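Peer 1: whatever this is, show me its structure:
(one chain, ligands or ions: 1)
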Amino acid sequence: MNTVVLGLQWGDEGKGKAIDYLAGAFDVVTRFQGGHNAGHTVYYQGRKVVLHVLPSGIFYPACLAVIAHGVVVQPLQLVEEIKNARALGLSMQNLALSDHAPLILPFHQQLDVVFEDSRYQRIGTTRRGIGPAYEDVIGRRALFVKDLLQENAFRSKITPLAEYYRRLFTAHGHPAESFDQAIDQYLQAGAFLKPYVANTTFLLQRAFQDGKNILFEGAQGTLLDINLGTYPFVTSSNTTIAGVFSGTGLSPKSVERVIGISKAYATRVGEGPFPTELKDENGRMLRERGNEYGSTTGRPRRVGWLDLVALKYAVQINGVDSLFITKLDVLDELAEIQVATAYEGATAADGQFPSHADGLSLVRPVYQTLPGWRKNIGAIGRLKDLPRQVRSYLSFIEDFTGAGVSHVSLGGEREQTIEVDR
Ligand code: IMP
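Peer 2: From the prediction side, this is the model:
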């Protein structure tokens, strides 16, 4: 069944683990947006591996792993990731990279850093050049993977663009860098990547027509969506269901199921409002137990209670069919658990999720308190064996959001996953 897996919060929901758990049943796994700002943590042969651009399907040799054109690609980073994957013993013959994926160029990363350090904008980005690369797509200046494959064309396109950025940096009082060395490195990376480059829209459409099982692997989360998230504290792509179609070239008819991933609590990295944020002992405990440190940047994540107003918004936007709740075991020690079921304040209205960070920063969450279970649940393998309080916690989420729970994750290992049979 063709399935989209999406984050329903601010990213870091445990999508890597969820996708890795599901990927074995698919013929194709495709990334459709974002770039190496993502960090999908999976365990392969007992080793922790963090994927940034490679789709999780890469671990299954029979599965075609596609980086579709909605993904922005930093070629040097991708080459390194491929080399690391080969070192793990993976052949990488199952990888396809879109010829039409926009490139993250050296000045994009520099611009991301300059803006983050300036007084104009502070989003708390991953400083990887993601936003500026997407800006160039919208500005119709972008270079694409296919451009890397032809040296003369690449040089003639990048030279005026590098000059454009050089002037921009100079105007803002930043030393003008020479990008010549980087251009040579990019061309070398192009030669390395050439065997993987393909028209992935065609590949995906053919897979769909042949009845193959396709998994769409989302990165980041719904509340970081450029259009539907907590703007401006968002990433620069459509992290929601819409990104699947613009980012792959497949139609909505190709999607049969949407699985939304949510932690049993909430986290956020970077700036921006976070109504249920905990700055107390409970917050510290959840951060440590949940190892809430960024897999891409190592930054400590902000931690809070589960926000059901936000979760319901995410369920509705994406047409979520079922929920995959992760890190439930992190709540094990708590005597009581809070969940936000409404907002109050000047910008709060009827369970609505404010359309903008300005509105969200003014709400106060209204909590409902649910009983904790104070038991170690990491080794439990069946839903019916979970403590009654755990099952009530899950039912509460289902009743509030209108989406059923299909999977529960109780730890990092693939085996620590319960499939809910109904
Ligand atoms: P950017 O995507 O690097 O431009 O960062 C924009 C915002 O998205 C920042 O708040 C980042 O912390 C956040 N962000 C980007 N990628 C991820 C991710 O994979 N997980 C969580 N947050 C992310």
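Peer 1: hey, let's count contacts and neighbours off CA atoms from now on
Peer 2: Noted.
Peer 1: residues in this structure within reach of the ligand, list them.
Peer 2: By Cα under 6 Å from any ligand atom, the residues of the chain that approach the ligand are 10-12, 37-39, 123-128, 130-131, 220, 224, 233-236, 269-271.
Peer 1: any of these buried? List them.
Peer 2: Using 16 or more other Cα atoms under 10 Å as the burial test, the residues of the chain next to the ligand include 10-12, 37-39, 123-128, 130-131, 220, 224, 233-236, 269-270 as buried.
Peer 1: show me what counts as buried in the helix or strand containing Leu78.
Peer 2: According to DSSP states H and E, Leu78 maps onto helix 75-87. Neighbour counts over helix 75-87 (16+ other Cα under 10 Å) mark Pro75, Leu76, Leu78, Val79, Glu81, Ile82, Ala85 as buried.
Peer 1: which of those lies closest to Ala153?
Peer 2: In terms of Cα to Cα, no member of the buried residues of helix 75-87 lies closer to Ala153 than Pro75, at 16.8 Å.
Peer 1: list the contacts of the closest one.
Peer 2: For Pro75, the contacting residues are Leu103, Ile104, Tyr186, Ala189, Gly190, Leu193, by Cα atoms under 8 Å, 6 or more residues apart in numbering.
Peer 1: leaving out chain neighbours, which residue sits closest to the second one?
Peer 2: The one in question is Ile104. Nearest residue to Ile104 in three dimensions, chain neighbours excluded: Gln74, at 4.7 Å (Cα to Cα, 6 or more residues apart in numbering).
Peer 1: and Val50, what are its bridge partners?
Peer 2: Counting by DSSP bridges, Val50 forms beta bridges with Thr41.
Peer 1: count of residues packed around the residue of the stretch 301-422 of the chain found nearest the ligand?
Peer 2: Of all residues in the stretch 301-422 of the chain, the one sitting closest to the ligand is Arg301 (8.8 Å; Cα to the nearest ligand atom). Neighbours of Arg301 under the rule other Cα atoms under 10 Å: 17.
Peer 1: and the one 4 residues further on, by the same measure?
Peer 2: In terms of burial, Trp305 registers 24 neighbours under the definition other Cα under 10 Å.
Peer 1: would you agree it is in contact with Leu334?
Peer 2: No. Contact between Trp305 and Leu334 fails when scored by Cα atoms under 8 Å: they sit 11.9 Å apart.
Peer 1: picking up where we left off before, following the helix holding Leu78, which helix or strand comes up?
Peer 2: Using DSSP H and E, the helix or strand that follows helix 75-87 towards the C-terminus is strand 95-98.
Peer 1: and the contacts of the following helix or strand past that next one?
Peer 2: Under the assignment DSSP H and E, the closest C-terminal helix or strand after strand 95-98 is helix 106-117. With contacts defined as Cα under 8 Å, 6+ apart, helix 106-117 is touched by 121-125, 127-133, 162, 165, 169, 179, 182.
Peer 1: what do you get if the cut-off is 7 Å, keeping everything else the same?
Peer 2: Outside helix 106-117, the residues that touch it by Cα atoms under 7 Å, 6 or more residues apart in numbering are Gln121, Arg122, Ile123, Gly124, Arg127, Arg128, Gly129, Pro132, Ala133, Tyr165, Ala182.
Peer 1: export the residues you listed to TSV and tack on pLDDT and secondary structure?
Peer 2: Below are those laid out as TSV (pLDDT from 0 to 100; DSSP: H, G, I helix; E, B strand; the rest coil):
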residue	pLDDT	secondary structure
Gln121	70	coil
Arg122	86	coil
Ile123	91	coil
Gly124	92	coil
Arg127	94	coil
Arg128	96	coil
Gly129	97	coil
Pro132	97	helix
Ala133	98	helix
Tyr165	93	helix
Ala182	91	helix
